[in-house]
Structures are given as C-alpha cells and as structure tokens.
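Enquirer: how does the following fold in three dimensions:
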Amino acid sequence: MKKTKLGEFEELVLLTVAALQHEAYGVEIKRELERRLDETLSVGSIQSALKRMEEKGFLTSVWGDATQKRGGKRKRIYSATPYAHRILSEMKEIRAGLWSAIPKLAPVMKMV
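Expert: Alright, predicted model coming up:
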C-alpha cells in the first residue's frame with residue numbers, strides 16, 4: 001500500500017462519497033454520515049476533509065446546476081477517483097485481515 005495518509009474521518013467521508021455517487025455533495029454527505037454515526041457533525045469538518053482529499057487526489061469535484069430548491073445556489077458534487085477506489089479496497093483487505101486475526105489472538109489476550 002502506498003504511504004498516503006488517510007485518517008479515519010477522511011476514510012468515512014470518502015466511503016460516503018463513493019456510496020452516494022452523483023448525490024455526493026456537502027449537505028448530503030453530512031446527512032448520511034450523521035445518520036450512520038448517530039452523531040452531529042459540523043459542515044466545516046466535512047468541507048475540510050473533502051478539500052484535503054481533493055488535494056491528495058482521492059476526489060474530484062464539479063459544480064452542479066443551480067436549483068430553485070437551493071435558492072439558485074449551485075452545489076459542488078464530489079466523485080471518488082480510481083486511485084481512491086484502489087486505496088479503499090486495500091484498506092478493506094487490511095482491516096478484514098486484522099479482524100480475521102482477532103480469534104487467533106483472543107486466547108493470548110485473555111491470559112493478560
């Protein structure tokens with residue numbers, strides 16, 4: 001795995017962008033994460049993570065069309081890059097390997 005830093009929160013935001021696909025914009029990303037994490041998040045934390053990941057090459061973004069619903073404001077739609085999908089896949093494999101190792105370590109952990 002390439003030594004690119006991806007923090008836990010960034011990983012969650014990136015996974016949410018990948019899951020939402022064409023609906024991946026700030027407010028919807030926030031709403032989905034809050035629902036899944038069962039906690040309140042700030043818009044700023046989401047926007048900061050999105051900006052960092054765009055700079056790292058995990059995301060691209062485009063401006064969507066202005067809508068009546070948003071008072072004529074456009075929204076920035078994010079997409080996960082192929083690089084992001086590769087990194088997420090690698091992280092999933094690493095985590096799965098660690099989870100599968102837990103039963104093997106459990107007897108040792110009980111002795112401590």
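
Enquirer: quick one: list the elements packing against whichever helix in the chain runs longest.
Expert: Among the elements of type helix in the chain, defined by DSSP state H, the one spanning the most residues is helix 82-111. Here helix 82-111 touches helix 8-20, going by 3 or more Cβ pairs under 8 Å, 6 or more residues apart in numbering; DSSP states H and E. To be clear about C-beta, it is placed using only N, CA and C from the backbone, and glycine gets the same treatment.

Enquirer: what comes into contact with the helix it packs on?
Expert: Residues outside helix 8-20 that contact it (Cβ atoms under 8 Å, 6 or more residues apart in numbering) are 6, 24, 28-29, 32-33, 36-37, 45-46, 49-50, 52-53, 58-59, 78-80, 84-85, 88, 91.

Enquirer: if you set the cut-off to 7 Å instead, what comes out?
Expert: 24, 28-29, 32-33, 46, 49-50, 52-53, 58-59, 78, 80, 84-85, 88, 91 (Cβ atoms under 7 Å, 6 or more residues apart in numbering).

Enquirer: pull the CA atoms of it into PDB?
Expert: Output in PDB follows, covering the C-alpha atoms of helix 8-20 (Å, rounded to 0.1, in the frame of the first residue of the first chain):
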ATOM      1  CA  GLU A   8     -10.300   7.600  10.000                       C
ATOM      2  CA  PHE A   9     -12.700  10.600   9.400                       C
ATOM      3  CA  GLU A  10     -11.400  11.000   5.900                       C
ATOM      4  CA  GLU A  11     -11.900   7.300   5.200                       C
ATOM      5  CA  LEU A  12     -15.500   7.600   6.400                       C
ATOM      6  CA  VAL A  13     -16.100  10.700   4.200                       C
ATOM      7  CA  LEU A  14     -14.500   9.000   1.200                       C
ATOM      8  CA  LEU A  15     -16.600   5.900   1.700                       C
ATOM      9  CA  THR A  16     -19.700   8.100   1.900                       C
ATOM     10  CA  VAL A  17     -18.800   9.900  -1.300                       C
ATOM     11  CA  ALA A  18     -18.300   6.500  -3.100                       C
ATOM     12  CA  ALA A  19     -21.700   5.300  -1.800                       C
ATOM     13  CA  LEU A  20     -23.700   8.400  -2.700                       C
END
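
Enquirer: and the angle from it to helix 82-111?
Expert: Angle of helix 8-20 versus helix 82-111, following axes from the mean of the first three to the mean of the last three Cα atoms, to 10 degrees, is 130 degrees.
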